[in-house]
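Asks: Model the following, please.
(one chain, ligands or ions: 2)
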Amino acid sequence: MEKEPTRVLVTGAAGQIGYALVPMIARGLMLGPDQAVILHLLDIEPAAEALNGVKMELIDAAFPLLKDVIATTDVMEACEGVDIAIMLAGFPRQEGMERKDVMSKNVSIYKAQASALEQQAAENCKVLVVANPANTNALILKEFAPSIPEKNITCLTMLDHNRAIGQIAEKLNLHASDVKNVIIWGNHSSTLYPDVNHATVTTTDGVKRVRELVADDHWLNKELITTVQQRGAAIIKAWKLSSALSAASAACDHIRNWVLGTNKGSWISMGVYSDGSYGIQHGLIYSFPVTCKNGEWSIVQGLKIDEFSRAKMDATEKELIEEKELAYSCLGQSI
Ligand SMILES: NC(=O)c1ccc[n+]([C@@H]2O[C@H](COP(=O)([O-])OP(=O)(O)OC[C@H]3O[C@@H](n4cnc5c(N)ncnc54)[C@H](O)[C@@H]3O)[C@@H](O)[C@H]2O)c1
Ligand SMILES: O=C(O)C[C@H](O)C(=O)O
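Replies: Ligands and ions are numbered 1, 2, ... in the order given. You can find the predicted model right below:
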């Protein structure tokens, strides 16, 4: 029997990540090659014509898995019955800005859209926030949509995870698929911590630890960390716009792993609700290593954390606590 189509909401769908992402979803890159989809595309009134253009192109591509496209500027209509919500809506930063500089514009969108999702989405809707500041937007969405289970609200750090893998693969002259189990801890910001202490590489001589194979602590503890932390800014500088195809691809990786499960022996990084694991403040949306099974993520437990890692994990936690305060003050509310 044919599976029911999955309804996928993409907010900010007329923007540049939206334009890269919707064909990936319609081709089955997010939910698999046997899962039909109905796309719900939302943008604001000034972008309505562009949104309609995206819809026209989706129809013209005649994707076999795409059963329908709803393109609207009405948030309540867009959220109706959705099983998955990819939140791109917001304003990207420009050269010279930190991601939290777009805070005041963007958090208010997440407060407003929280109640639409709460009222209209399917019961177990999975939410991925991509728009920056991603962790704090997700936190605001969670706080203003109290009936959505906390486990269903996540943010994207898979792009940073893939960036770290890409850098290690280049350094070792291997393919990205040979590298696994890097970790992104914390905030999707310039304080994020790419941890390679548990990462491994598959070589013709078997599985090796990244630290041993790279054998260059200066590169691992300094250059790699700074490159991943600053990669978003480097792309804005080079391309004049923020990353789009890699962000869209990472969003597909995040949802695919969450819904279909992580590969045996591998984890991914996801910004998720902290249950206090690794001493991180309860309730923050913090990036952890997670495995996924039966549509649920769980934080990988028991990893050894050295002093260097602890300090970096605490610094990015501290920034998230400050961002939470700033977000509430932007909304004119106290925590
Ligand atoms: N987490 C990550 O790894 C990551 C990676 C790349 C980009 N981003 C962020 O993703 C966001 C989107 O980036 P982009 O390059 O596609 O930006 P963009 O400006 O091209 O697109 C954003 C779209 O959102 C729409 N929008 C604004 N307010 C809205 C609202 N209230 N409801 C619905 N739509 C609304 C805009 O009209 C626009 O079409 C930015 O905040 C960017 O910084 C995050
Ligand atoms: O850096 C940005 O502002 C965009 C995005 O968050 C990225 O990491 O590429």
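
Asks: Which residues of the protein lie near ligand 2?
Replies: Residues of the chain lying near ligand 2 by CB under 6 Å from any ligand atom: 92-93, 99, 132, 159, 232-233, 235, 242-243. The way it works is simple: take the backbone N, C-alpha and C, and place the C-beta from them, glycine included.

Asks: which of the residues you listed sit farthest apart?
Replies: In the residues of the chain next to ligand 2, the most distant members under the criterion CB to CB are Arg93 and Leu159, with 14.5 Å between them.

Asks: returning to what we had before: near ligand 1, from the residues of the chain next to ligand 2?
Replies: Residues of the residues of the chain next to ligand 2 in contact with ligand 1 (CB under 6 Å from any ligand atom): 92-93, 132, 159, 242-243.

Asks: how about those in a markdown table, adding neighbour count?
Replies: A markdown table is the format used below for these (neighbours: other CB atoms under 10 Å):
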| residue | neighbour count |
| --- | --- |
| Pro92 | 22 |
| Arg93 | 19 |
| Asn132 | 26 |
| Leu159 | 25 |
| Ser242 | 19 |
| Ser243 | 21 |
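
Asks: Sort out for me which of those residues are in strands.
Replies: In strands, judged by DSSP state E, none of those are found.

Asks: quick revisit: of the residues of the chain next to ligand 2, just say which sits nearest to ligand 2.
Replies: Minimum distance to ligand 2 across those is 2.2 Å, recorded for Gly232 (CB to the nearest ligand atom).

Asks: Just the pLDDT at the closest one, thanks.
Replies: Gly232 is assigned 97 on the pLDDT scale.

Asks: and what of Met1?
Replies: pLDDT for Met1: 65.

Asks: how close does whatever residue of the chain ends up closest to ligand 1 get to Ala131?
Replies: Using CB to the nearest ligand atom, the closest approach of the chain to ligand 1 is made by Gly15 at 1.8 Å. According to CB to CB, to the nearest Å, Gly15 stands 9 Å off from Ala131.

Asks: Overlap of the contact sets of those two?
Replies: Shared contacts of Gly15 and Ala131 (CB atoms under 8 Å, 6 or more residues apart in numbering): Leu88.

Asks: show me what contacts Val69?
Replies: Contact analysis of Val69 by CB under 8 Å, 6+ apart lists 38-39, 41, 55, 58-59.

Asks: any idea how far Thr204 is from Leu174?
Replies: For Thr204, the distance to Leu174 - CB to CB - is 10 Å.

Asks: and what of Asn221?
Replies: Asn221 is 20 Å from Leu174, where distance means CB to CB.

Asks: Tyr278 now?
Replies: Going from Tyr278 to Leu174 by CB to CB gives 29 Å.

Asks: how about the residues of the stretch 101-250 of the chain near ligand 1?
Replies: For the stretch 101-250 of the chain, the residues in contact with ligand 1 (CB under 6 Å from any ligand atom) are 109, 130-132, 134, 156, 159, 188, 242-244, 247.

Asks: Which members of those occur in helices, if any?
Replies: 109, 134, 159, 247 (DSSP state H).

Asks: This completes my enquiry, with thanks.
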